[in-house]
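K.L.:
sequence first, predicted coordinates after that:
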Amino acid sequence: MFSTKIMMPMVEVKEETRDITFKIFRYNPQIDAQPFFDDFNIPVEKGITVLRALNYIKENIEPRLSYRAFCQAGICGSCAMKINGVTKLACTTQVWDELENCAEENVLLIEPVSNLHVLKDMVVDMDMVVDKIEKYFGWVSTKMPENQFGKKEFNIPEEEFKLYDAATDCILCASCISECTMTKANKDYITPAVLLKTYRMESDSRDSISDKRMDTLVEKNGVWDCTHCYRCMEYCVKHIPIMDSIHHLREKAIETRGKTDTAGAKHADAFVKDIQSKGRLVESLLPIRTNGLMWTVRNMLPMAFKLTKKGKTPPPPFLMKPIPGIKSLRDLLADLKNRNQTTHNGKGGSK
Amino acid sequence: MKTFAYFMSCINESMTKELDKALDQWEKDFDLKFIKLHDGTCCGGSNLDYVDPKEFLVINARNIALAEKENLDLVTSCNTCLLSLRRAKQELDSSEENKTFVNSILKKQNLEYTGKSEVKHLLWVLNEDLGLDAIKAKVKTPLKDYKIAPFYGCHILRPSSLMGKDDPSNPKSLDQLVDVLGAKTVDYKSNNECCGFHTLLVAEDASLNIAADALENAIETDADFIVTPCPLCHTVLDSYQQKALKKRNVKDSIPVLHLSQLVGLALGYTQKQLGINRHIVSLSK
Ligand code: SF4
Ligand code: SF4
Ligand code: FES
């Protein structure tokens, strides 16, 4: 018996490592008068996620550091936090990829998500989200009588599932809530994640409580209060087209359920009417048509004086000429109306 | 000579007439020509797309087809018009069914949508078609005394899947333009935030809150003025400024300029020629 000795070539295996500072938001309301930032300097290999770096800090340097995490694979939605100012999942974000977004070289800024109450460090109170899901009936209430439960199947055709396939990808991580313009301005706002959930339930044929849900949805703080800023959709960690769902809810509120007696619906309707009559928006009438004369006088009059002084008031309708081709535009719109084609564009939350 | 079809945004025909006035002044300086599409309609203002998705598609196909008829790319200087037009274009270019449907209607008006015309924002035309070097070469009065807060607004950045020019978390295009015009930009976190315009009439308090956040943030940086590529943002930030800041008891104010006016200033036009005197908050320097 003989043995061959295999010689390993002398290659120095050099792990790529960098010293990186984690500037981490700290706050324990029971002890700290004010939130503050702690700096932790650690060596980080290429490929390491922010979550693993935080685990390292917690295990080796600061055991009191608090954050939520579970699946480590972008599934459970618990590890959302702001990384260099943008809300992301810590478990799917690599530290090295973030280096180009650092305001200070090699210093990663870690903060809790915005718009939710901080319980400790990166741990936020999700009750606000749960309360809103409850307020907007974020579940399917089945039409099936109870005595049929377990006896009959509820078949969902594939076509229907496509409507809410993407919406069901939501992991309730609250990244969109953290980035939402309207939630920041008004804490009572429904929030994008709950709008998405509402859309998902509204499109389910098994559901029987659409009336209640839509009634609540068109009230103040609901679907009409969204500013169309597209931040939720831009930052959704699952790339769900949230805005399409919001559009669908609005469309449903107006078309299917006739909920047109809201400022939002009247505002939207003005665009249709004006395109028909002038081809352009009659801006001078928009406030009155949306909110009525009293509101307009109370809210707009002081500003109107200033605008008039600068020649900025929009022209009244009788001074607004329609576009030169208004006649052919009206023909086109009439033609469109006559066709009862059912092609629909942009299925909300569908892939 | 570079020629484009120019989309006439409703607001620029009413409240922010000065935006196009400024553009009219200096287009010749760059050998640019913007042919106004007088027959274009309202883009639907980010409302029509859900009130009547089909009408939204058809009227914007018509708007783009008017530019195609002239063999020109379509330029707009309003962020929300950009969103509507590009969204419609995407829905048309990605679906033969949609295209066939709109063309069956447009045909009767002697129009056809083919998809050959691009839809661009004025800022993109300046940065890409004209180029920063060419702009720099024409600057007569560098804006070196000014510190400027660029406010991008939403629909020129988001959804990035539809716009794709700037990183929506860290946009640069407007900053770069300000830079070649000789001014300094300030770094402030509101530069990519929403102005609140689209809910002004529906949720006024919250909208004014949104505007006040951006305004206060810009004021804190000590900027001389804000510049924005969107007339809707301009309307909130200028016309509604006092109302928004009053709620916060902020006494300071900050002028807001349109992109077209900023370029005009650097080319040596007067505030009056550029319609800056029409703004509610005046620019003193
Ligand atoms: S689009 Fe609407 S829901 Fe989404 S972030 Fe903006 S305001 Fe919030
Ligand atoms: S919609 Fe997207 S960002 Fe919002 S909670 Fe769901 S997965 Fe997270
Ligand atoms: S730990 Fe579950 S999503 Fe990050």
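P.N.:
Here it is on my side, so go on. Ligands and ions are numbered 1, 2, ... in the order given.

K.L.:
check which helix or strand the closest residue to ligand 2 within the stretch 151-285 of chain B maps to.
P.N.:
Closest residue of the stretch 151-285 of chain B to ligand 2, Cβ to the nearest ligand atom: B:P159 (13.6 Å). Bear in mind the C-beta positions are built from the backbone N, C-alpha and C, glycine included. For B:P159, there is no enclosing helix or strand under DSSP states H and E.

K.L.:
how many other residues sit next to it?
P.N.:
Each residue near B:P159 was counted by other Cβ atoms under 10 Å in any protein chain shown, and the total is 20.

K.L.:
can you pull the contacts of residue 229?
P.N.:
Since no chain was named, I'll use chain A. Listed by Cβ atoms under 8 Å, 6 or more residues apart in numbering or on different chains, the contact partners of A:C229 are A:T181, A:M182, B:C154, B:R158, B:E193, B:C194, B:H198.

K.L.:
you looked at the wrong chain, it should be chain B
P.N.:
Here B:P229 is in contact with B:S77, B:N79, B:H121, B:L122, B:L123, B:Y152, B:G153, B:I156, B:L174, B:H258, B:L259 (Cβ under 8 Å, 6+ apart).

K.L.:
check B:L174 too.
P.N.:
B:L123, B:P150, B:Y152, B:V227, B:P229, B:L259.

K.L.:
where's the fifth one relative to B:Y188, distance?
P.N.:
So the one you mean is B:P229. Separation of B:P229 from B:Y188 (Cβ to Cβ, to the nearest Å): 16 Å.

K.L.:
how much space is there between the nearest residue to A:Q72 once chain neighbours are set aside and ligand 2?
P.N.:
Distances taken as Cβ to Cβ, 6 or more residues apart in numbering or on different chains put A:C91 closest to A:Q72, at 4.8 Å, once the chain neighbours are dropped. For A:C91, the distance to ligand 2 equals 13 Å [Cβ to the nearest ligand atom, to the nearest Å].

K.L.:
pretty sure A:C91 contacts A:A53?
P.N.:
No: the pair A:C91 / A:A53 is not scored as a contact, 10.9 Å apart, by Cβ atoms under 8 Å.

K.L.:
now, the contacts of B:L174 that are in strands?
P.N.:
The members of the contacts of B:L174 that map onto strands under DSSP state E are B:P150, B:V227.

K.L.:
I'd like the contacts of B:L174 written out as a markdown table, with distance to A:L99 and pLDDT added.
P.N.:
What follows is those, written out as a markdown table (distance: Cβ to Cβ, whole Å; pLDDT from 0 to 100):
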| residue | distance to A:L99 | pLDDT |
| --- | --- | --- |
| B:L123 | 29 | 98 |
| B:P150 | 25 | 98 |
| B:Y152 | 24 | 98 |
| B:V227 | 30 | 98 |
| B:P229 | 30 | 98 |
| B:L259 | 32 | 98 |
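
K.L.:
how confident was the prediction at B:V202?
P.N.:
We have a pLDDT of 92 for B:V202.

K.L.:
give me the buried positions along stretch B:209-223.
P.N.:
For stretch B:209-223, burial by neighbour count (16 or more other Cβ atoms under 10 Å in any protein chain shown) applies to B:209-219, B:221, B:223.

K.L.:
residues making contact with that stretch?
P.N.:
Identification of contacts with stretch B:209-223 by Cβ under 8 Å, 6+ apart yields A:181-182, A:184-186, A:227, B:147-149, B:151, B:186-190, B:193-196, B:226, B:236-237, B:240-241, B:244-245, B:247-248, B:250, B:252-254.

K.L.:
out of those residues, which are buried?
P.N.:
A:181-182, A:184-186, A:227, B:148-149, B:151, B:186, B:188, B:190, B:193-196, B:226, B:236-237, B:240-241, B:244-245, B:250, B:254.

K.L.:
filter those by proximity to ligand 1?
P.N.:
For ligand 1, the contacts drawn from those by Cβ under 6 Å from any ligand atom are A:T181, A:M182, A:T227.

K.L.:
what's near enough to touch the residue in the stretch 201-350 of chain A that ligand 3 sits nearest to?
P.N.:
Residue of the stretch 201-350 of chain A nearest ligand 3, by Cβ to the nearest ligand atom: A:V237 (8.1 Å). Neighbour list for A:V237: A:G74, A:A80, A:K88, A:L89, A:T92, A:I171, A:C173, A:S175 [criterion: Cβ under 8 Å, 6+ apart].

K.L.:
thinking again about what came up before, can you redo the contacts of A:C229 as CSV with distance to ligand 3, pLDDT and secondary structure?
P.N.:
Shown next, in CSV, are the contacts of A:C229 (distance: Cβ to the nearest ligand atom, whole Å; pLDDT from 0 to 100; DSSP: H, G, I helix; E, B strand; the rest coil):
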residue, distance to ligand 3, pLDDT, secondary structure
A:T181, 24, 98, helix
A:M182, 25, 98, helix
B:C154, 27, 98, coil
B:R158, 24, 97, coil
B:E193, 26, 98, coil
B:C194, 27, 98, coil
B:H198, 32, 96, helix
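
K.L.:
now do the helices in chain A.
P.N.:
A:50-60, A:95-98, A:127-135, A:158-164, A:175-179, A:181-185, A:192-202, A:210-217, A:231-235, A:242-251, A:263-277, A:286-309, A:326-338 (DSSP state H).

K.L.:
for the first one, buried residues please.
P.N.:
Of the residues in helix A:50-60, those scored as buried under the neighbour-count criterion (16+ other Cβ under 10 Å) are A:V50, A:L51, A:R52, A:A53, A:L54, A:N55, A:Y56, A:I57.

K.L.:
output the residues you listed in JSON lines; the columns should cover pLDDT and distance to A:F25.
P.N.:
Putting the buried residues of helix A:50-60 into JSON lines (pLDDT from 0 to 100; distance: Cβ to Cβ, whole Å) gives the following:
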{"residue": "A:V50", "pLDDT": "98", "distance to A:F25": "13"}
{"residue": "A:L51", "pLDDT": "98", "distance to A:F25": "16"}
{"residue": "A:R52", "pLDDT": "98", "distance to A:F25": "19"}
{"residue": "A:A53", "pLDDT": "98", "distance to A:F25": "15"}
{"residue": "A:L54", "pLDDT": "98", "distance to A:F25": "12"}
{"residue": "A:N55", "pLDDT": "98", "distance to A:F25": "17"}
{"residue": "A:Y56", "pLDDT": "98", "distance to A:F25": "18"}
{"residue": "A:I57", "pLDDT": "98", "distance to A:F25": "13"}
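
K.L.:
closest to chain B among these?
P.N.:
A:V50 (16.0 Å; Cβ to the nearest Cβ).

K.L.:
separation between the closest one and ligand 3?
P.N.:
A:V50 sits 10 Å away from ligand 3 when distances are taken as Cβ to the nearest ligand atom.

K.L.:
report the contact partners of the closest residue to that residue other than its chain neighbours.
P.N.:
Counting by Cβ to Cβ, 6+ apart, A:V50 lies nearest to A:A90, which is 4.2 Å off, once chain neighbours are set aside. The contact partners of A:A90, by Cβ under 8 Å, 6+ apart, come to A:T49, A:V50, A:L51, A:L54, A:Y67, A:A69, A:C79, A:A80, A:M81, A:I83.

K.L.:
burial of the last one, as a residue count?
P.N.:
Meaning A:I83. The criterion is other Cβ under 10 Å. On that basis, A:I83 has 22 neighbouring residues.

K.L.:
you'd agree it is up against A:L108?
P.N.:
Yes: at 6.7 Å, A:I83 and A:L108 qualify as touching, with contact defined as Cβ under 8 Å.
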